[in-house]
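Novice: 3D, please:
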Amino acid sequence: MKPLASLSLASGASLVALPDDFGGVEGRVTVSTAGVGMAWWPLDTVGLGAIVERQATFPTTTGRPCLCAVEPIKGTTASAGQRWRLRLWPISDRAYTLQLEYYVSPDALTTALPNLYGGTAHAETVLESCLAIAEQRVDDTPGVHTAKFAERLLASIGMDRKLKPQKLGYNRDNSDLRDRRGRGSDGRLWGESTILVNGVGY
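Specialist: Numbers count the residues shown, from 1 in each chain. Here you go, the predicted structure:
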């Protein structure tokens with residue numbers, strides 16, 4: 001479960017709360033100017049110490065955020081567990097929209113919300129996992145449900161693989177051309193050599 005979150009960053013802010021079910025960032029965090037076309041920029045995700053250092057060195061710097069770090073929020077409550085937020089640098093000079101794909105850390109089940117993530121495709125896997133834990137805690141030994149859970153887990157992994165993207169994108173490495181910004185009419189960076197595969201140039 002890796003949903004896409006859209007978060008609003010107010011002008012003059014450097015902190016934004018992450019979703020309550022946040023369990024970790026998947027991929028890049030991107031920032032776009034609220035209400036302005038399709039322009040967006042990826043943020044470099046760094047350690048919290050790097051952000052704190054920048055804030056201490058340049059405490060009043062404003063602009064479009066270019067660095068971000070995931071920061072834990074201290075404290076829990078009787079009804080809420082660990083929460084997280086993004087700390088950004090520099091301070092935003094206007095309103096922005098942040099987007100990130102993240103891992104879900106599911107909320108506890110309640111009478112009002114009794115359904116688990118995964119839907120019917122993984123219902124038997126979840127049931128067997130509960131029965132496996134129950135028999136291990138009662139008898140202190142794995143039993144038939146533990147073995148059944150292992151079978152169901154393999155089946156669930158197979159189902160998840162069916163949902164993978166058919167195309168991950170063009171695998172292109174421009175690390176040796178980072179100092180060259182211009183592009184030709186064919187879209188290739190200036191000075192870039194053409195790679196031929198079966199006579200087709202890339």
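Novice: buried ones in stretch 20-27, by neighbour count?
Specialist: Neighbour counts using 16 or more other C-beta atoms under 10 Å place 21, 22, 23, 25 of stretch 20-27 among the buried residues. (Each C-beta comes from the backbone N, C-alpha and C, glycine too.)
Novice: tell me the pLDDT at residue 125?
Specialist: The score at residue 125 is 90. That number is its pLDDT.
Novice: in its sheet, what does the one helix or strand residue 5 maps to sit against?
Specialist: Using DSSP states H and E, residue 5 sits within strand 4-9. Sheet pairing of strand 4-9 (DSSP bridges) gives strand 96-104 (antiparallel).
Novice: so what touches whichever helix or strand residue 137 is part of?
Specialist: Here residue 137 sits within helix 123-139, counting by DSSP H and E. Under the contact criterion C-beta atoms under 8 Å, 6 or more residues apart in numbering, helix 123-139 has outside partners 116, 118, 141-146, 148-149, 152-153, 155-156.
Novice: one step back: looking at the buried residues of stretch 20-27, which are in strands?
Specialist: Using DSSP state E, the subset of the buried residues of stretch 20-27 located in strands is 22, 23, 25.
Novice: of all those residues, which comes closest to residue 122?
Specialist: Distance to residue 122 across these (C-beta to C-beta) is lowest for residue 23, with 17.2 Å.
Novice: now do that closest one against residue 152, distance only.
Specialist: For residue 23, the distance to residue 152 equals 22 Å [C-beta to C-beta, to the nearest Å].
Novice: got the contacts of helix 123-139 as TSV, with distance to residue 42 and secondary structure columns?
Specialist: Shown next, in TSV, are those (distance: C-beta to C-beta, whole Å; DSSP: H, G, I helix; E, B strand; the rest coil):
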residue	distance to residue 42	secondary structure
116	33	coil
118	30	coil
141	50	coil
142	45	coil
143	49	coil
144	49	helix
145	45	helix
146	43	helix
148	44	helix
149	39	helix
152	38	helix
153	34	helix
155	36	helix
156	32	helix
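Novice: A strand includes residue 56, no?
Specialist: No: per DSSP: H, G, I helix; E, B strand; the rest coil, residue 56 lies outside any strand segment and is helix.
Novice: what's the neighbour count on it?
Specialist: 8 (other C-beta atoms under 10 Å).
Novice: which pLDDT value goes with it?
Specialist: According to the prediction, residue 56 has pLDDT 94.
Novice: same deal with residue 116?
Specialist: Per-residue confidence (pLDDT) for residue 116: 80.
Novice: re the thing from before, so which of the contacts of helix 123-139 wins on neighbours?
Specialist: Most neighbours among the contacts of helix 123-139, by other C-beta under 10 Å: residue 149, with 22 neighbours.
Novice: so where is the chain shaky, pLDDT-wise?
Specialist: 34-38, 166, 168-169, 171-196, 198-202 (pLDDT under 70).
Novice: grab the nearest non-local neighbour of residue 125.
Specialist: Spatial nearest neighbour of residue 125, excluding adjacent residues (C-beta to C-beta, 6 or more residues apart in numbering): residue 152 at 4.0 Å.
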